[in-house]
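Colleague: sequence-free structure coming up:
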């Protein structure tokens, strides 16, 4: 056990898997010589050589196409998108080929796609998005969004081990800001299992990724209101039972995500609660999300865009007063 | 503008289930001085009619809700203080463009860049008031056979929250969950009828809150219970004799008027102990029997237009004097509009006494959710066949009173009701002077 940043934990998990399993290799823009835009793979090329840490051309289509082919041939590629926003270039390979191959031909496609995502540092519309809900709509994919260093490492190892294509959304704003105790040895965190970040009685707050910390800060500010924070960790598959169980206890729910509002994954959670726990609700399900616009560059505008502690406090207060 | 502090007079919450009230009479006019706690306005709700004490001293400066209007609890009725009429709403403005000063003012405030947001601190509740029942509250209410309207609400607009109803369940152990959750059909109020247009020879007047409450309750009771009425004739000779003797004594010693009703009530309480299902209710799939008798008395108001049923709590602990005093107190407070919300709640059995008009029989409607209602009728001198000392039949003149028990046949069967009436009669016919 040692204290690591979120970024170090990801790096640590990836290194362990590459040491353990020769089929695991890394491919992405600047991942080799440069060590990755965020330095997750710093020193990897020295240790594993250029054939296992491949600097790809500036083409997400090529990276994901190559990874898909390699996976079908029995490799375990870990593809890095320099920013999650650019995954759209590889949509066809991921959605049309990788996600469907197992259904069409019975071939496993064990790709892990690492997706540095999220805003909070004025990255603007192309370097700040959280596109997880687009992929949560695709049967055949898995999507994970860890919030803590320990979960980041354990979920990355699970993703690499998984026979399906797994999108690993790692939040850039957490990279060096969040530290935590991480076991040194290899371990896995099961995909599809939520974690209760803090227990509570009055309101359930469902969230994931960087918003877990916004949620915790808001809950701390409320003082006498007891908020249960459910960190989903995975959104496809997502831990329905954990959410429904908490809702049955508190009867009031706030769903918080950094992604935009319409069609965001919060909508799926809200709909499921309405379908399966309607008779346990004591208030309308509330969503706190980004508005339906691209992410702005300007710092004050970006602050207005990304849900802030104040927004969550207000939402929680409204639910409590309802 | 206004000088001095303005105090708002609002429609009070008269009992937990009351959501609206009607202003029946303003006791002060605009410009009148009013002292704190002095009655300022008379209101009528479906539970009680009462006077509202003034929340402050000063001059009644504005009447917002006029007599005859029905408004939700918490609605502003009027203002005390400030300049008379200063804040009174002007008559509806004619539809013409804003005057120049008003436009200037609007411009000025826009230029200030400070926009006033007179938003309430409370969150918007989709316009739901306490009448809105959330899914979880509806489910808990159905599981425990509770009327959510009976639960004090602490949510937005007085809404009953899950915590409220759970606390209520906790505090009422009698409301144990039935084996199977019953599906409660809540009878909605009468479907909206088109407004009555007066024809020639017709007089149309609006129903007040009490009338609406009675209408809804009577209909709901008949839709709920299987009403059956049994009657019995009681020779009241002994009660009459004892009453004649005790009456002056009660008057002199206690200032209490000893009525026949007190005797009947006393006998009722005792008989209910032997026939507990008459002092009971059906709650979902369960029969709930009450260990205590909270005796309701139907009291007619306002020349027969209106009815209220104040409740004498724990009547099983009262002797004849206590009963007589309790009945007199409730009747007096009912007619003086001095009843408190608690006085009209929690009844377990009801007595109605239309006998004072000389009627000798009736079929009253049960006060839900109770299982029976006792009717007492006029004590009338009748020719009666009795046995003389030698055991021979002979005709005598006796004071006879009819008693009816209207019962809910879902719970109480004819034989059970008959037994109750027989024992009532026995108690009244064999009343001893030293009894009770």
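Modeller: Nice, I can see it. No experiment lies behind these values; they were computed from the predicted model shown. Numbering: from 1, shown residues only, chains lettered A, B, ... in the order given.
Colleague: residues touching the nearest residue to residue A:100 once chain neighbours are set aside, list them.
Modeller: Of all residues not flanking residue A:100 in the chain, residue A:140 sits nearest, at 5.7 Å (CB to CB, 6 or more residues apart in numbering or on different chains). C-beta here means a position set from N, CA and C on the backbone, and glycine is covered the same way. The contact partners of residue A:140, by CB atoms under 8 Å, 6 or more residues apart in numbering or on different chains, come to A:98-100, A:102-103, A:164-165.
Colleague: ok, residue B:221 next?
Modeller: Residue B:221 neighbours (CB under 8 Å, 6+ apart): B:227, B:365-368.
Colleague: closest to chain A out of those?
Modeller: residue B:368 (25.8 Å; CB to the nearest CB).
Colleague: correct me if wrong, but that closest one is in a helix.
Modeller: No: residue state for residue B:368 (DSSP: H, G, I helix; E, B strand; the rest coil) corresponds to coil; a helix is not indicated.
Colleague: narrow the contacts of residue A:140 to those that are buried.
Modeller: A:98-100, A:164-165 (16 or more other CB atoms under 10 Å in any protein chain shown).
Colleague: out of those residues, the closest to residue B:157 would be?
Modeller: Nearest to residue B:157 among the buried ones among the contacts of residue A:140, counting by CB to CB, is residue A:99 at 48.2 Å.
Colleague: report the rounded mean pLDDT for the helix or strand hosting residue A:101.
Modeller: Assigned by DSSP states H and E, residue A:101 falls within helix A:99-105. Across helix A:99-105, the average pLDDT comes to 94.
Colleague: give me the three-state assignment for the residue nearest to residue A:100.
Modeller: Quick answer, by three-state DSSP: residue A:140 is coil.
Colleague: tell me the spacing between it and residue A:90.
Modeller: 15 Å (CB to CB, to the nearest Å).
Colleague: and the helices in chain B, which stretches?
Modeller: B:100-112, B:135-144, B:162-171, B:209-224, B:237-254, B:260-274, B:320-335, B:414-429 (DSSP state H).
Colleague: any chance of those helices in JSON lines, plus mean pLDDT?
Modeller: Output for the helices of chain B, formatted as JSON lines (pLDDT from 0 to 100):
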{"stretch": "helix B:100-112", "mean pLDDT": "43"}
{"stretch": "helix B:135-144", "mean pLDDT": "89"}
{"stretch": "helix B:162-171", "mean pLDDT": "87"}
{"stretch": "helix B:209-224", "mean pLDDT": "88"}
{"stretch": "helix B:237-254", "mean pLDDT": "92"}
{"stretch": "helix B:260-274", "mean pLDDT": "93"}
{"stretch": "helix B:320-335", "mean pLDDT": "90"}
{"stretch": "helix B:414-429", "mean pLDDT": "94"}
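Colleague: residue A:284: which of those helices is closest?
Modeller: Per CB to CB, nearest to residue A:284 of those: helix B:135-144, 10.4 Å.
Colleague: show me what the closest one is packed up against.
Modeller: Helix B:135-144 sits against helix B:162-171, with contacts defined as 3 or more CB pairs under 8 Å, 6 or more residues apart in numbering or on different chains; DSSP states H and E.
Colleague: ends of stretch A:51-71, how far apart?
Modeller: 15 Å (CA to CA, to the nearest Å).
Colleague: ditto for stretch B:338-353
Modeller: Per CA to CA, stretch B:338-353 runs 21 Å from first to last residue.
Colleague: same thing with stretch A:74-82?
Modeller: OK, stretch A:74-82 end separation, CA to CA: 25 Å.
Colleague: run through who's touching that stretch.
Modeller: For stretch A:74-82, the external contacting residues (CB under 8 Å, 6+ apart) are A:14, A:17, A:21, A:23-31, A:36-37, A:40-41, A:60, A:63-64, A:66-67, A:70-71, A:87, A:90, A:110-116, A:160.
Colleague: quick one: which helix or strand includes the closest residue to chain B within the stretch 51-200 of chain A?
Modeller: Taking CB to the nearest CB, chain B has its nearest neighbour within the stretch 51-200 of chain A at residue A:200, 13.9 Å off. Residue A:200 belongs to no helix or strand when assigned by DSSP H and E.
Colleague: would you map the strands across the stretch 201-322 of chain A?
Modeller: With strands called from DSSP state E, counting those that start in this stretch, the stretch 201-322 of chain A shows them at A:203-207, A:227-231, A:234-236, A:253-260, A:286-290.
Colleague: would you list the buried ones among the contacts of residue A:140 in TSV and tack on distance to residue B:156?
Modeller: Shown next, in TSV, are these (distance: CB to CB, whole Å):
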residue	distance to residue B:156
A:98	48
A:99	45
A:100	48
A:164	45
A:165	46
